[in-house]
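Participant: Predicted coordinates and the sequence they were generated for:
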Amino acid sequence: MAKNKEQKKEVIAKVEKALKDAVSVVFVKFNRLTVADATAMRKELRKEGIGYFVAKKTLLRRALDSQKISGEVPALEGQIAICYGVDAIAPARSIAGFVKKYKEQLAIVGGVFEGAFQGKAEMQEIAAIPPIEVLYAQVANLFNSPIQGLVVALNQIAQGKK
């Protein structure tokens, strides 16, 4: 069903607000995703504080053009949705999880990260970054590893002298 000018302005305003408020935005190509799967995906994304919005490409391009985003817009072919959030990495990581689950129906085609357009490869690299809790654990392990090695060595020496 065709949208009138007022409805189109509302869609553009919603996309512009999402682009302004979000730290990162992922462009998601979807094809033949069932309503049940899409609803389940949206519900999971909402739990994580991530928005998911489907818009016509022409309206999406108008909203993108009105923003001051550096770089070149990636090719937006097929049916496109935006996935956005205030966490820099969460939208890309969450959508990447769903892309693994729905390989035939979903694909990351690019995005906006730190005020610049990113291509498919860059957004997939961003999606591969582990959550902050995992990074903290890795840093803690990095600091703990030499100390742990020293304790094991001293323990071996102590057992050898008995």
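Facilitator: Nice, I can see it. Numbers count the residues shown, from 1 in each chain.
Participant: Need the three-state assignment for Lys3.
Facilitator: coil (DSSP: H, G, I helix; E, B strand; the rest coil).
Participant: Next one: it from Ala40, what distance?
Facilitator: Look at Lys3 and Ala40: by Cβ to Cβ, to the nearest Å, they are 27 Å apart. For glycine as for every other residue, the C-beta is placed from the backbone atoms N, C-alpha and C.
Participant: Also Ile95?
Facilitator: From Ile95 to Ala40 the distance is 14 Å (Cβ to Cβ).
Participant: Neighbour count: the two, which is higher?
Facilitator: Higher neighbour count among Ile95 and Ala40: Ile95, with 25 against 13, using other Cβ atoms under 10 Å.
Participant: Which residues are in contact with the more buried one?
Facilitator: Val26, Val28, Leu45, Cys83, Leu106, Ile108, Ala127 (Cβ atoms under 8 Å, 6 or more residues apart in numbering).
Participant: Which helix or strand contains the most centrally placed residue in the chain?
Facilitator: The chain has Ala92 as the residue nearest its centroid, 1.4 Å off, counting by Cα atoms, centre = their mean. For Ala92, the host element (DSSP states H and E) is helix 90-101.
Participant: Off-centre distance for that helix?
Facilitator: Distance, stretch centre to chain centre, for helix 90-101: 7 Å (Cα atoms, centre = their mean, to the nearest Å).
Participant: Tell me which helix or strand comes right after it.
Facilitator: Next along from helix 90-101, by DSSP H and E: strand 106-113.
Participant: mean confidence for the next helix or strand after that next one?
Facilitator: Where DSSP H and E defines the elements, the next helix or strand beyond strand 106-113 is strand 116-118. In this model, strand 116-118 has an average pLDDT of 90.
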